[in-house]
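**Q** give me coordinates for this.
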Amino acid sequence: MDQISGFIEIIIFTNPENGFTVARLQESEKKELTCIVGILSSIRPGETIQCSGNWKNHPSYGKQFQVSSYSLTYPATILGIQKYLESGLIKGIGPIYAKNIIDLFGEKTLEVIDNNPNRLLEVPGIGKKRLSIIKQCFIEQKSIRTVMVFLQGQGISPAYAQKIYKRYGDHSIQKVQENPYDLAREIVGIGFKTADQIAQNLGFAKDSSLRIVAGIEHVLWELTNEGHTCFPEKELVTVAAKILDLSAPLIQENIDTMVPLQRLIRRDKEGFSYIWLPSLFHTEMGIAQELLRLDSATCILREVDSQKALDWLQQQIRIKLAKDQITAIQQGVQEKLHIITGGPGTGKSTITKAIIQITEMLSKNILLAAPTGRAAKRMTQITHKKAFTIHSLLEWDFRTGGFNRNHKNPLKADLIILDEASMIDTSLMYYFLRAVPSHARVILIGDVDQLPSVGPGYVLADLIRSEKISTTHLTKIFRQAHGSAIISNAHKINAGYFPDLHMDERSDFLFIEKNEPEEIEKTIVELMTQKLPQEKNFHPIEDVQVLSPMKRGNIGIIHLNSTLQNVLNPSSSPLFVSGQRLHLYDKVMQIKNNYQKNVFNGDVGSITAIDMEEQNIEITFDERKVCYEFFDLDEIALAYAVSVHKFQGSECPCIIIPFHTCHYMLLQKNLLYTAITRGKQLVIIIGTKKALAIAIHNKKTLQRHTGLQEMIAQHFSKLISV
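**A** Numbering: from 1, shown residues only. Prediction:
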C-alpha cells in the first residue's frame, strides 16, 4: 500500500449520499496535481491530508490514487499554510488576512497561532475582537481533529466531528465511549448504523440490551419517515430482527421489557397489537382530546340564519353558488369544527372568502394560516387578508424551545381557517389545536386526495374517516376551471382515467414522450436552458421547478440537481461543505424544520452571500435573509429538482415532471396528481405512457399505520355514551 500527502487544491466532485470524492492534491515538490478518489467525506480545499492507498489507471481519466484511508494534518509548507488559512477553516481569517499573516510569520504561522496567538495583533487589520474569534476557532479545530482521529480509529469518517464537538465539547470522546447509540438520537445526520459501527468497534456486544433497545427505537423512528406513527408489533419484530441481525425472540423479549418502562406503548387496533414511540402516542391521543374539547364547547359566534346570509352573500359577490358550495358555507358558519375537501377548480377559494365575509359581520377576530410560507402567501392573495404560517402563528420561543401559544396563552380568535390541511402532520396539528381557544370555530381546508404530510401521520384523512368531524366533499369543477387542461387532467387522473395527451403547444398541459432516462434528462436541460426562457419567457430558476419521484438515477433528484446546477448556475469557486457543492445564487431548499431560524421543511430560497472568513452563508427566503454556519448546511439541499412531497403546498408557474418506469416503486396515482396540481401556468410531463398508466391504475397508496382515527372515534363515543 502506497502513501502520499499534500494539501487539497480543488474538489472536482463529491457525492453527498456516500462521501465519494474526486479531488486534486498538491504534493510537495511536484508541479502537477495528483488526482485522488475515494470515500473522503467532509474534506475541504486547503486541508492537508495523508493518504494510504493504491495507484490505478482509469480508462477515461488516467492515473489516479485510490484512497483506502486518510488522516488530516496541519500543513508544513508556506503554500500549504496559506491554502489552509485561505480555505475559511478558521473563522475570522480569509484570503487577505491569510496573506498578511503569512507575510509576517512565514513557516512559523501555525506555531504562532497555537502558542502565542496574541502576536496576531501585529497583523494589519486584526484587532482584539477578530483575535478572539480566531483563537476560539483554532482551539475548536484542534479539539475537532482529536475527535476526528478517534472516530477514524473506529473506522468512521470525520464528516460529523464538528457536530459532535458542538454538542459535547471536550467530553466528546468520553460521551461516545460511554454510549455511542446516543449519537443517533442527539446528533443530526448520524443514524443508528453509524452509531452501531462505532459501538461494534468499541467492543459493544451484538446482543447487548443497549444495542437492541436503541435498534428498536431506531426502526420506529425510521418508520416515521415513511409516515407511520405506530407499527404492527409482529412486523416490527421482523424488521428489527433483520436490521440488528438477531433472533426474533430476542427482539420480542426486549420489546416486552421496554413496554412496562414506558419506552414503548402497546395498544390493540383492529384485532392486532401495535407499537408506538411514547411521544407519537401521546401526540395522537392529544389531538383526539383537543378536538373533543373544541367540539363540546360553545361557539362565541352567534348563530346566523344561513339562508339569509347566503342570499345576502350572493348579492354581494354576484355569483350563483353551486349546491355543494352552499353546503360548505352553511356548515362553515354553523359547525364548531368543519372540514372542506376537494380538488383544484372546485371552488375552495370562493368558499373560504364567503365564510370570511359572513363571519366578519359577527367578529373581526379571524385568523388564517397554512403550513408553508408559500401557501400562506397564496392564501393572503386570494382572501386579501393576512395569512400566517402555522409556526409563526404559534410563536416559537427560542428560550423555552417550544411554542408560546398553548392552553395557557391561546390564540386570540373567534374563527381560524387552516388551508392546505393535507400537509399538516401529527405533531403540528397537536400543537395548533392546543393553542385554539375553546370558544373558537375551526375550519380545515385541503385536498385529501393529495399526498399526505411529509412528517408522520395521515391527519386530514384520519379526521374525515373518523366520521366525527363534519365534512363537505367538493366535486363540481367550475366553468372558469374547465379551460385548464392542468385541472381537467388532474381530475381525470384522480378518478383513475388516462389524461388527454393530445394537446397543442398553446395548452397548459404538455406530454413529451421519451423512452430512455438519458433522453428525458437531455430534454429537461433543453427546456430549461432554451425553450422555456425563449418561447415562454419563464426564468429557468425562479419560474420553473422540476419534480422527480426518486432520489437516484439519471432522472433522480441528486443527478438532476448536479446537472442543472452546472448548466444554470456554474461557478469556478464553489463551496464544498457537508458533502455538497454549493454556488453563489444556487436555488436551495430547507430539508428539516429549524425553529430558531424560522425556516421549515420545504422552504425554497437562494444563496445570496458566501463568507469564507466568517464561515457562513446567507440564504434569502421570500425576501427574508437567513444566516447559516457552514456546519449547519446539512439542513440545506439543492432545489433545481425536488421531490413531489417536499414541494407539496407550493406552486410554480411551470412544473416539469420526469416520469419513467425506472421510478416503478413510486409510480402512484396520488403522487402524479399532487405533482400536476403544483403547476399554475404550465405542466410538462416527460417520459412514457406506460409509466403514466402504471401510476394511474395504482390505486394503492403507501399505507400509513396511524392510531388517530380510532382515538378520535373512541373519545367522541365516550362523550355520546355519557
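**Q** got any ranges where the stretch 1-150 of the chain has weak pLDDT?
**A** Scanning the stretch 1-150 of the chain with the threshold set as pLDDT under 70 gives 16-18, 41-42, 148-149.
**Q** any idea which residue sits dead centre in this structure?
**A** Ile591 (2.5 Å; CA atoms, centre = their mean).
**Q** and it, what does it touch?
**A** For Ile591, the contacting residues are Asn601, Glu635, Ile636, Ala637, Lys646, by CB atoms under 8 Å, 6 or more residues apart in numbering. C-betas here are computed from N, CA, C, even on glycine.
**Q** helices and strands of this protein: which one bottoms out on pLDDT?
**A** Every helix and strand of the chain was ranked by mean pLDDT, DSSP states H and E. The lowest is helix 479-482, at a mean of 56.
**Q** relative to Lys163, how far out is the residue nearest to the centre of the chain?
**A** According to CB to CB, to the nearest Å, Ile591 and Lys163 sit 16 Å apart.
**Q** next: Trp276.
**A** 29 Å.
**Q** the two: which is more packed in?
**A** Trp276 (23 against 20; other CB atoms under 10 Å).
**Q** the more buried one reaches Ile265, doesn't it?
**A** Yes. Using CB atoms under 8 Å, Trp276 makes contact with Ile265 at a distance of 4.2 Å.
**Q** I figured Gln709 hits Lys468, correct?
**A** No. Gln709 is not in contact with Lys468 according to CB under 8 Å; the separation is 9.3 Å.
**Q** contact partners for Leu527?
**A** Val544, Ile656, Ile684.
**Q** hmm, try it at 10 Å
**A** Neighbouring residues of Leu527 by CB atoms under 10 Å, 6 or more residues apart in numbering: 510, 512, 533, 535-536, 538, 540, 544, 546, 654, 656, 684, 686.
**Q** hmm, which of those are the buried ones?
**A** Among the contacts of Leu527, the ones that count as buried by 16 or more other CB atoms under 10 Å are Leu510, Pro533, Phe538, Pro540, Val544, Val546, Cys654, Ile656, Ile684, Ile686.
**Q** looking at this, Ser606 is in a strand?
**A** Yes. Ser606 forms part of a strand when assessed by DSSP: H, G, I helix; E, B strand; the rest coil.
**Q** if we can go back for a sec, top of the contacts of Ile591 by number of neighbours, please.
**A** Ile636 (24 neighbours).
**Q** so the residue nearest to that one when sequence neighbours are not counted, which state does it fall into?
**A** In space, Ile636 comes closest to Val588 once its chain neighbours are excluded; the distance is 5.0 Å by CB to CB, 6 or more residues apart in numbering. Three-state assignment for Val588 (three-state DSSP): strand.
**Q** and Val588, what does it touch?
**A** Counted by CB under 10 Å, 6+ apart, Val588 has contacts 561, 580, 582, 603-607, 617, 619, 621, 628, 633, 635-640.
**Q** repeat that for Ala98.
**A** 46, 81-88, 90, 109, 612-613.
**Q** just the element for it, please.
**A** Here Ala98 is covered by helix 95-105, with elements defined by DSSP states H and E.
**Q** all strands of the stretch 101-250 of the chain, in order?
**A** Assigned strands in the stretch 101-250 of the chain, in chain order: 230-232 (criterion: DSSP state E, counting those that start in this stretch).
**Q** would you state the helices of it in chain order?
**A** Assigned by DSSP state H, counting those that start in this stretch, the helices in the stretch 101-250 of the chain fall at 109-115, 128-153, 161-168, 172-178, 182-186, 192-201, 209-224, 233-244, 248-258.
**Q** which of those has the lowest mean pLDDT?
**A** Ranked by mean pLDDT, the helices of the stretch 101-250 of the chain bottom out at helix 161-168, with a mean of 76.
**Q** if we look at that helix, which residues are touching it?
**A** Counting by CB under 10 Å, 6+ apart, 42, 72, 140-141, 143-152, 158, 160, 171-176, 182-183, 186-190, 578, 629-632, 634 sit against helix 161-168.
**Q** tell me the contacts of Gly125?
**A** Applying CB under 10 Å, 6+ apart, the residues contacting Gly125 are Ile96, Tyr97, Asn100.
**Q** tally of neighbours for the nearest residue to Ser422 once chain neighbours are set aside?
**A** Spatial nearest neighbour of Ser422, chain neighbours left out: Gly446 (4.2 Å); criterion: CB to CB, 6+ apart. Gly446: 25 surrounding residues under other CB under 10 Å.
**Q** and what of Glu217?
**A** 19.
**Q** ok, now how distant is it from Cys35?
**A** 43 Å.
**Q** cool, Pro517 as well?
**A** The value you get for Pro517 to Cys35, if CB to CB is used, is 28 Å.
**Q** now Asn118
**A** Remark: distance between Asn118 and Cys35 (CB to CB) = 41 Å.
**Q** returning to what we had before: after the least confident helix or strand of the chain comes which helix or strand?
**A** helix 485-494.
**Q** CA atoms of that following helix as CSV?
**A** Extracted C-alpha coordinates of helix 485-494, given in CSV (Å, rounded to 0.1, in the frame of the first residue of the first chain):
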residue,chain,number,x,y,z
ALA,A,485,-56.0,21.1,-19.1
ILE,A,486,-54.0,21.0,-15.9
ILE,A,487,-57.2,20.9,-13.8
SER,A,488,-59.2,18.7,-16.2
ASN,A,489,-56.3,16.2,-16.4
ALA,A,490,-55.7,16.3,-12.7
HIS,A,491,-59.3,15.3,-12.1
LYS,A,492,-59.1,12.5,-14.7
ILE,A,493,-56.1,11.1,-13.1
ASN,A,494,-57.6,11.3,-9.6
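**Q** C-terminal to that helix, what's the next element?
**A** Sequence-wise, the next helix or strand downstream of helix 485-494 (DSSP H and E) is strand 509-513.
**Q** that next one pairs with which strands, parallel or anti?
**A** strand 679-687 (parallel) (DSSP bridges).
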